[in-house]
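S.K.: need coordinates for the below:
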Amino acid sequence: MKYALSAGMVIAVFASNFAMANLDLAKSKNCMACHAIGSKVIGPAYKDVAAKYAGQKEAEDKLTKKVMKGGSGVWGTMPMPANPQVSEAEARTLVKWVLSQK
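M.R.: Purely as a prediction, here's the structure:
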């Protein structure tokens, strides 16, 4: 019982650190200027993105490219600009975090 409780606490700490680290990455790459976790700003809420792409195998690759190269037409008329300051590894990390939002 002690070990199960300890393991649960360790998992909770890592999950919390993962969430905070990726929020910090989103802030540092200026994503939060157009997006928020729970509400639409200029772009869609991250929770809405996660819901739209839930269960889609190709979502991570598709959205990683979109973060880097930009896109339009999926969430309205406002285009998402390209983000050349975001590496592919950073984009993938951000997308995994966005897709984990509930």
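S.K.: this structure: helices as residue ranges?
M.R.: According to DSSP state H, the chain carries its helices in the segments 2-28, 46-53, 59-69, 88-99.
S.K.: what stretches of the chain score poorly on pLDDT?
M.R.: Scanning the chain for pLDDT under 70 picks out 1-20.
S.K.: how about 50 then?
M.R.: 5-17 (pLDDT under 50).
S.K.: how about the residue at minimal distance from the centre of it: what's its closest non-neighbour residue?
M.R.: Centroid-nearest residue in the chain, with CA atoms, centre = their mean: V98, separated by 2.1 Å. Nearest residue to V98 in three dimensions, chain neighbours excluded: Y46, at 4.7 Å (CB to CB, 6 or more residues apart in numbering). Glycine gets a C-beta too; all of them are placed from N, C-alpha and C.
S.K.: could you double-check that that neighbour sits in contact with A36?
M.R.: Yes. Under the criterion of CB atoms under 8 Å, Y46 makes contact with A36 at 7.2 Å.
S.K.: who's more crowded, those two?
M.R.: Y46 (23 against 16; other CB atoms under 10 Å).
S.K.: show me the contacts for that one.
M.R.: H35, A36, I37, G38, V98, Q101 (CB atoms under 8 Å, 6 or more residues apart in numbering).
S.K.: great, nothing more from me.
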